[in-house]
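[1] This is a predicted model, with the sequence first.
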Amino acid sequence: MATHRNNIPAHLPVFEGKNYNRWIVKMKVIFRFQDVLEVVNDGIPALAANATDVQQTANRDAKKKDGKTMFLMHHSVSN
């Protein structure tokens, strides 16, 4: 699978309304490769008002992963 410089696959499987089970398996593999599957499955937990620096950094990283996930999803669904 070819990738761009930022390790995003150049050719993502596109869901066009058929073969959902096959498409979702391929997407889960891509999510796992991109290290975002946990965000897909669990979401991003809310950050407490008194969060530590470590918690804030973890939350920021989770939001980056969420953005990457959304990018992959938007490019993998037919218009």
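    On my side now, so go ahead.
[2] hey, let's count contacts and neighbours off CA atoms from now on
    OK.
[3] what ranges of the chain fall below the confidence cut-off?
    Residues of the chain meeting the criterion pLDDT under 70: 1-10, 79.
[4] Show me the residue sitting in the middle of this protein in space.
    T69 (2.2 Å; CA atoms, centre = their mean).
[5] in the helix or strand harbouring it, what's buried?
    Assigned by DSSP states H and E, T69 belongs to helix 53-74. Across helix 53-74, burial judged by 16 or more other CA atoms under 10 Å covers N59, A62, K63, K65, D66, K68, T69, L72, M73.
[6] which one among those gets closest to I44?
    A62 (6.4 Å; CA to CA).
[7] Based on its surroundings, how many neighbours for the residue nearest to that closest one when sequence neighbours are not counted?
    Leaving aside its sequence neighbours, A62 sits nearest to I44 (CA to CA, 6 or more residues apart in numbering; 6.4 Å). By other CA atoms under 10 Å, 17 other residues sit near I44.
[8] I'd say I44 and R60 touch.
    No: between I44 and R60 there is no contact under CA atoms under 8 Å: 9.8 Å.
[9] ok so, going back, in CSV, list the buried residues of helix 53-74 along with distance to A49.
    Converted to CSV, the buried residues of helix 53-74 look like this (distance: CA to CA, whole Å):
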residue, distance to A49
N59, 12
A62, 17
K63, 17
K65, 22
D66, 21
K68, 25
T69, 26
L72, 31
M73, 30
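[10] Assign a three-state SS to the residue of the chain most remote from its centre, would you?
    Going by CA atoms, centre = their mean, the residue of the chain most distant from its centre is N50, 27.5 Å out. Secondary structure, DSSP: H, G, I helix; E, B strand; the rest coil: N50 is coil.
[11] Now do the contacts for it.
    Applying CA atoms under 8 Å, 6 or more residues apart in numbering to N50 gives no contacts.
[12] can you tell me how far the closest residue to T69 other than its chain neighbours sits from R60?
    In this structure, T69 finds its nearest non-sequential neighbour in V36, 6.4 Å apart by CA to CA, 6+ apart. According to CA to CA, to the nearest Å, V36 and R60 sit 13 Å apart.
[13] so how far is S78 from G43?
    Relative to S78, and taking CA to CA, G43 is found at 24 Å.
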